[in-house]
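Peer 1: show me how the following folds:
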Amino acid sequence: MFALGDPTVLETTYRHAGFREVAIEVVPVERRFPSLAAAMQTCRDALPEISELMVHASETERAAAWLEIEAALRTFENAEEIVFPQTYLIAVGTK
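Peer 2: Next comes the predicted model:
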């Protein structure tokens, strides 16, 4: 999921794919959720990789991992919502 998360790696990948005039723009964004529960549900629904990583774990280990994820996400919670700072890489090139 994060293999192309470095602007230099992404640019190199585009160039190796035959693109010219490659430009990468780093864009800070914020993902907002009305609650921790909504954020957790999005993690479960939109990030199946997490569940795949836990496929060989016991039910107890999976439950503990989800509790740890929830605790980490809670650090982004305020009185009104939960806000996650993120960075998007926007890449363009000419073929």
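Peer 1: please make it C-alpha for all contacts and neighbour counts, starting now.
Peer 2: Will do.
Peer 1: so after the helix or strand of the chain with the lowest mean pLDDT, what's the next helix or strand?
Peer 2: Every helix and strand of the chain was ranked by mean pLDDT, DSSP states H and E. The lowest is helix 48-53, at a mean of 83. Next helix or strand after helix 48-53 toward the C-terminus (DSSP states H and E): helix 59-74.
Peer 1: buried set for that following helix?
Peer 2: Neighbour-count burial for helix 59-74, counted by 16 or more other CA atoms under 10 Å, picks out R62, A65, W66, E70, L73, R74.
Peer 1: can you check stretch 3-15 too?
Peer 2: In stretch 3-15, counting by 16+ other CA under 10 Å, buried: P7, L10, E11, Y14, R15.
Peer 1: give me the residues contacting it.
Peer 2: Residues outside stretch 3-15 that contact it (CA atoms under 8 Å, 6 or more residues apart in numbering): V22, A23, I24, V26, L89, A91, G93.
Peer 1: now the two most distant members of those.
Peer 2: Farthest apart among the contacts of stretch 3-15 by CA to CA are V26 and G93. That separation is 15.0 Å.
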